[in-house]
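Engineer: Build me a model from this:
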Amino acid sequence: MLSLAMLGVGTVLALPFFISHAAVVGMLQRWNADIPLLLDWKGMVVSALGIASNEVSVLVFSPSGELLASATGAASPGKARAIVAVLSGTGARR
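Structural biologist: Residues are numbered from 1 along each chain as shown. Model prediction:
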C-alpha cells in the first residue's frame, strides 16, 4: 500500500510590513488545515527547489528525495492525471 505524506509550503515574502508573523500564524491556526503548512518567510524553500514563489506548484518526491513529478501553474485535468499516475505507480517518472 502506498504511504503518502503531504506538506504545504506557503511563501510569505510579499507580506506588507504592518502584518506581523504572529498575525499570519494566528490566522492559519484558526484555519485548522488538515495538512501541515511550512511558512517560508525568507523564500529559502522555493529557492532551494527552483520554483517560482508566486505560482502554485505540486512536487512529488520519493522517500529518498528524488523528484518524481511536478506541475506548476493553473490546475488542469492533464496535470492532475500525470501526478495521480506517478502516485499510483502507472505513470512516467520525471
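Engineer: now the strands for this structure?
Structural biologist: Ranges of strands in the chain, per DSSP state E, are 8-11, 37-40, 57-61, 67-72.
Engineer: Can I get these in JSON lines including mean neighbour count and distance to Q29?
Structural biologist: Every residue, glycine included, has its C-beta placed from N, CA and C. Compiled in JSON lines, the strands of the chain are given as follows (neighbours: other CB atoms under 10 Å; distance: least, CB to CB, whole Å):
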{"stretch": "strand 8-11", "mean neighbour count": "16", "distance to Q29": "13"}
{"stretch": "strand 37-40", "mean neighbour count": "14", "distance to Q29": "10"}
{"stretch": "strand 57-61", "mean neighbour count": "15", "distance to Q29": "24"}
{"stretch": "strand 67-72", "mean neighbour count": "16", "distance to Q29": "28"}
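Engineer: Tally up the residues packed near the spatially closest residue to W41 that is not a sequence neighbour, please.
Structural biologist: Excluding its sequence neighbours, the residue lying closest to W41 (CB to CB, 6 or more residues apart in numbering) is V12, at 5.8 Å. When neighbours are defined as other CB atoms under 10 Å, V12 has 14 of them.
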